[in-house]
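*Asks:* Just to be clear, the model below is a prediction. Sequence and coordinates:
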Amino acid sequence: MKKERRKFSASFKAKVAIEAINEVQTVQELASKYEIHPTQITAWKREFLEKAELVFSKESPPTGHDAENTKEKELYSKIGELQVRVDFLKKVLGK
């Protein structure tokens, strides 16, 4: 029987990464405390530090809602374009 992979929440990963950054305990101690491989803690710490600048940037990273708005604008633009074509064809064909 296959063992199912564990999934960790973003808040848990952040908590462990912050503890690793504070260096109150070693990575080995944190690994045994949270029952996670030390390499995983190091990866979370590196990712946390790489993305820390996003917290202070004026531009927020695109979220799902922003992507939906962009897609919605594209669709409305396409609808407008098609409406202009229909109106033109109606005028040309005399209907």
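*Replies:* Received, thanks.
*Asks:* Quick check: which element contains Phe8?
*Replies:* Applying DSSP states H and E as the criterion places Phe8 outside every helix and strand.
*Asks:* What is the neighbour count of it?
*Replies:* 13 (other CB atoms under 10 Å). Placement of C-beta: from N, CA and C, glycine included.
*Asks:* contacting residues around Ala20?
*Replies:* By CB atoms under 8 Å, 6 or more residues apart in numbering, Ala20 lies in contact with Val27, Leu30, Ile41, Thr42, Trp44, Lys45.
*Asks:* Dump those to TSV, plus distance to Arg5.
*Replies:* As requested, the contacts of Ala20 are exported to TSV (distance: CB to CB, whole Å):
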residue	distance to Arg5
Val27	21
Leu30	20
Ile41	17
Thr42	19
Trp44	16
Lys45	20
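*Asks:* Only the buried subset of those, as a ChimeraX command please.
*Replies:* Of those, the buried ones go into a single ChimeraX selection, burial set by 16 or more other CB atoms under 10 Å:
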select :27,30,41,44,45
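*Asks:* Spit out the contact partners of the closest residue in space to Gln40 that isn't next to it in sequence.
*Replies:* The shortest distance from Gln40 to any non-neighbouring residue, by CB to CB, 6 or more residues apart in numbering, is to Ala31 (8.0 Å). Contacts of Ala31 were listed using CB under 8 Å, 6+ apart, and they are His37, Pro38, Gln40, Ile41.
*Asks:* try it again with 7 Å
*Replies:* His37, Pro38, Ile41 (CB atoms under 7 Å, 6 or more residues apart in numbering).
*Asks:* next one: Glu19
*Replies:* Gln25, Leu30.
*Asks:* what is the rounded mean pLDDT of the helix or strand hosting it?
*Replies:* Counting by DSSP H and E, the element that carries Glu19 is helix 10-22. Average pLDDT, helix 10-22: 94.
*Asks:* right, and the helix or strand after that helix?
*Replies:* helix 27-34.
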